[in-house]
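**Student:** let's see this in three dimensions:
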Amino acid sequence: MEKIINGVTIKVNEEGYLTDFSQWNKSIAEEISKQEGVGELGPKHWEVLNFIQDQYKKSVPLTIRKIGASGVTDIKEFYALFPNGPLKKAAKIAGIPKPVGCI
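**Tutor:** Reported below is the predicted structural model:
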């Protein structure tokens, strides 16, 4: 599937997750964030997104508990930053596949 974000055609799966991480950039992340109801991305959002991408590049499976123990954010703040499904939304905005533990 393809989707156009900010004039750029990107490849996504049926749930809207990027299927080619090399197509991700900050402007695409900003637009996905708005579409997901997260809104404007602040410094803390970027810190969490960078951590998530780093873990993905290292092939480390992501869980909410792991993010809460990362030292980047705690679980309560993670839910505040990415409300209503924080791991799914953060992964989508970060341009990585949906984490295995997410329904």
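**Student:** just for this protein, where's the confidence low?
**Tutor:** By pLDDT under 70, the low-scoring segments of the chain are 101-103.
**Student:** where do the helices sit along it?
**Tutor:** Here the chain has its helices, by DSSP state H, at 26-35, 43-57, 64-68, 75-81, 86-94.
**Student:** so which of these gets nearest Glu15?
**Tutor:** helix 86-94 (8.1 Å; C-beta to C-beta). From N, CA and C alone the C-beta is placed, and that goes for glycine too.
**Student:** what packs against that closest one?
**Tutor:** Applying 3 or more C-beta pairs under 8 Å, 6 or more residues apart in numbering; DSSP states H and E, one finds that helix 86-94 makes contact with helix 26-35, helix 43-57, helix 64-68, helix 75-81.
**Student:** and the helices of the chain as a markdown table, adding mean neighbour count and distance to Val12?
**Tutor:** Output for the helices of the chain, formatted as a markdown table (neighbours: other C-beta atoms under 10 Å; distance: least, C-beta to C-beta, whole Å):
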| stretch | mean neighbour count | distance to Val12 |
| --- | --- | --- |
| helix 26-35 | 16 | 10 |
| helix 43-57 | 17 | 16 |
| helix 64-68 | 17 | 23 |
| helix 75-81 | 15 | 22 |
| helix 86-94 | 23 | 9 |
